[in-house]
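Novice: Provided below for reference: sequence and predicted model.
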Amino acid sequence: MVTLKTTPVQKYTRILGVGEARPDVVVTNDDVCQWIDSSDEWIRTRTGISTRRRAGADTSVFDLALEAAQDAMSRAGVSGEQIDTVLVSTVSHPYATPSLATKLADAIGATPAPAYDISAACAGYCYGIAQADALVKAGTAGMVLVVGAEKLSDFIDNSERSISFLLGDGAGAAVVGPSDHPGISPTVWGSDGSKWETINMTHSMLEVRNRDWAHEPVTAEDKIWPTLYQDGPSVFRWAVWEMAKVAQEALESAGISSEDLGAFIPHQANMRIIDQMVKTLKIPEHVAVARDIAEMGNTSAASIPLATCRLLKEQPELSGKPALQIGFGAGLVFAAQVIILP
């Protein structure tokens, strides 16, 4: 009988450093109200958002991903040559193929590291952390770069009022590597495809391609580019009630309670969702709660690492403490884990 060689197993992992990229253009609620019939007061009350960041036409989602990746690597003290795998979570890369991750791996000098994109929307970063944790523990990779990057402004219709006013652009990144002590708990993750339609796009690319252009000419009012929309009330109810259960499961999987947390970092979807989850989970007052959404809006896969960076800048004493992070969004998909903050 032939015996195959196996890769040594790494027992523990941790996040070695996090980084960010925040576009310079600040879009206020008054700016948004030029396009939709709303008000600054209504938007603040219903979402908690006062501003969101948008990238200019000369800045791509790749540019954002590269800036965040370089920041995370610098903070982790690692070079591109030390990165064994590159994972990029995004739903706004304008190419179905090739991936953004392979271009990023080359740009940071990680070639020939395996690289691939993850399409898990607002849960994408937590999906990436789960995969990085598994890859390092299995010995398949030594260091993994996880990036959540979005330029959602490329895929919104400013006059659409179910989701466009919520969304912003940005990128966040983390370097995951081996550790002498547990730094990433087991991930609780999953999906509910029965609610596939609740966050979606107005058109598929097939619909655009198959249009009878000869007999259906484009007019000024014709909106043929696929843009995002959502069934807000359904998503809100699902996020508030179902995601609190997932977050609680993640705490139990980590073997801790909310009292043990240093921070709670949920996906920055809506301030009311965040506040309700804090209440349902009975998060104590001493736990720092990420509320980056107020200034950044909803940046999908980038929201959790961006919020993490802000917390660590504003409260550096959180370094080394446990944080519960949970992402949830289109699909519908979700993922949560407890991490030790770098």
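Specialist: Received, thanks. Residues are numbered from 1 along each chain as shown.
Novice: mind listing what Asn200 touches?
Specialist: Asn200 makes contacts with Leu228, Tyr229, Gln230, Ala330, as judged by Cβ atoms under 8 Å, 6 or more residues apart in numbering. All C-beta atoms are positioned from the backbone trio N, CA, C, and that covers glycine.
Novice: correction: the previous question concerned Cys122.
Specialist: His267, Ala269, Asn298, Ser300, Ala301, Ser303, Gly327, Phe328, Gly329, Ala330, Val333.
Novice: Leu206 now?
Specialist: Here Leu206 is in contact with no residue (Cβ under 8 Å, 6+ apart).
Novice: likewise Leu66?
Specialist: Contacts of Leu66 by Cβ under 8 Å, 6+ apart are Ala21, Leu104, Ala107, Ile108.
Novice: do the same with Gly320
Specialist: So Gly320 contacts Ile340, Leu341 (Cβ under 8 Å, 6+ apart).
Novice: so Ala295 makes contact with Ser50?
Specialist: You called it Ala, but residue 295 is Glu. Yes. Counting by Cβ atoms under 8 Å, Glu295 touches Ser50, with 6.7 Å between them.
Novice: pull the number of nearby residues for Val26.
Specialist: 15 (other Cβ atoms under 10 Å).
Novice: next, give phi and psi for the nearest residue to it once chain neighbours are set aside.
Specialist: Spatial nearest neighbour of Val26, excluding adjacent residues (Cβ to Cβ, 6 or more residues apart in numbering): Thr51 at 5.2 Å. Backbone torsions of Thr51, given as degrees, to the nearest 10, read phi -140, psi 170.
Novice: let me see the domain layout of the protein.
Specialist: Residue ranges for the domains of the chain, per automatic domain parsing: 12-179, 188-196+227-340.
Novice: with distance to Leu4 and mean pLDDT added, can I get these in JSON lines?
Specialist: Below are the domains of the chain laid out as JSON lines (distance: least, Cβ to Cβ, whole Å; pLDDT from 0 to 100):
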{"stretch": "domain 12-179", "distance to Leu4": "14", "mean pLDDT": "96"}
{"stretch": "domain 188-196+227-340", "distance to Leu4": "30", "mean pLDDT": "96"}
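Novice: can you put the ones you listed in CSV and add distance to His203?
Specialist: Putting the domains of the chain into CSV (distance: least, Cβ to Cβ, whole Å) gives the following:
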stretch, distance to His203
domain 12-179, 11
domain 188-196+227-340, 8
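Novice: let me see the ranges of the helices in this structure.
Specialist: 29-32, 40-47, 61-76, 100-107, 124-138, 205-209, 232-254, 271-280, 293-296, 303-314 (DSSP state H).
Novice: closest to Ser89 out of these?
Specialist: helix 124-138 (2.8 Å; Cβ to Cβ).
Novice: so who does Phe167 touch?
Specialist: Not quite, residue 167 is Leu, not Phe. Arg52, Leu152, Ser153, Ile156, Leu228, Gly297, Asn298, Thr299, Ser300.
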